[in-house]
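1. With the sequence up front, the predicted model follows.
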Amino acid sequence: MTDQPENPLRDALADAISSNEVILFMKGTPEQPMCGFSARTCAALTATETEFASVDVLADPRIRQELSSLSNWPTIPQLFVKGELVGGADIVGQMYESGELAAVLGAPATAGDEPLPETAAPGSAPPLQIENRLS
Amino acid sequence: MPTASEVKERIEIGIPGSDAEVTSDDNVHFSARVVASDFAGLSLVEQHRLVYAIFGEGELGGSIHALALTTETR
């Protein structure tokens, strides 16, 4: 453990994860993903017609570092549903194809029939700006 | 830069009894399919964590820029 008991960034991340039913930590934004893995994950969520919150980890390098230590997951993107890590791009893609993703998200179980679109439709909410909560 | 066969070897040593198929076009982006009996009873997240744990801090996203991963229980 560190000598600093206070970690506002970790608190902000934990708060974002617990207060958003579906939240995606990604590189870029749903409108403009900066990485193919993030783009694919957005596309899967969009295809299941799920509204989701998003955080751009590129906004501040500390977000990624703190998120990975919180989630014990080394890579981006990371999808959380109801406070639990569902997985990264590979798992989300696999679950989309099997229909499990729709089940986890509580969406109609019609997803998975269609191949993923190349690009995600714009997300329903503007990205959360965790970095604005950093001192 | 690691080669696909080096990544394969590390996964198979890291998860005894596993079989890994690893491909890479550039020795930076890798794609791996890992079959292991150790995955039995684990969630997909836990299965992927087992594989990720083989690689050092900063290696994934660093010298191994991307590791597309599929896991399967034997």
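-> Ah, there it is.

2. Can stretch B:44-52 be said to contact chain A?
-> Yes. Judged by C-beta under 8 Å from any C-beta of the partner chain, stretch B:44-52 comes into contact with chain A at B:44, B:45, B:48, B:49, B:52. Where you see a C-beta, it was placed from the backbone N, CA and C, and this is true even at glycine.

3. what comes into contact with that stretch?
-> Residues outside stretch B:44-52 that contact it (C-beta atoms under 8 Å, 6 or more residues apart in numbering or on different chains): A:72-75, A:85-88, A:90-91, A:94-95, B:11, B:14-15, B:32, B:34, B:36, B:38-39, B:42, B:60, B:67, B:69, B:71, B:73.

4. how would you label residue B:57: helix, strand or coil?
-> Following DSSP: H, G, I helix; E, B strand; the rest coil, residue B:57 is assigned to coil.

5. Give me the buried subset of the contacts of stretch B:44-52.
-> A:73-75, A:85-88, A:90-91, A:94-95, B:11, B:14-15, B:32, B:34, B:36, B:38-39, B:60, B:67, B:69, B:71 (16 or more other C-beta atoms under 10 Å in any protein chain shown).

6. Now, the residues you listed that are in helices?
-> A:90, A:91, A:94, A:95, B:11, B:14 (DSSP state H).

7. Dump these into JSON lines; add pLDDT and distance to residue A:20 as well.
-> Shown next, in JSON lines, are these (pLDDT from 0 to 100; distance: C-beta to C-beta, whole Å):
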{"residue": "A:90", "pLDDT": "96", "distance to residue A:20": "22"}
{"residue": "A:91", "pLDDT": "97", "distance to residue A:20": "19"}
{"residue": "A:94", "pLDDT": "95", "distance to residue A:20": "23"}
{"residue": "A:95", "pLDDT": "96", "distance to residue A:20": "19"}
{"residue": "B:11", "pLDDT": "98", "distance to residue A:20": "34"}
{"residue": "B:14", "pLDDT": "97", "distance to residue A:20": "34"}
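
8. Between these, which sits nearest residue B:23?
-> Minimum distance to residue B:23 across those is 12.7 Å, recorded for residue B:11 (C-beta to C-beta).

9. dump the residue contacts of that closest one.
-> Per C-beta under 8 Å, 6+ apart, neighbours of residue B:11: B:18, B:20, B:22, B:32, B:34, B:51, B:54.

10. Residue B:40 now?
-> Per C-beta under 8 Å, 6+ apart, neighbours of residue B:40: B:73, B:74.

11. can you do 7 Å?
-> residue B:73 (C-beta atoms under 7 Å, 6 or more residues apart in numbering or on different chains).
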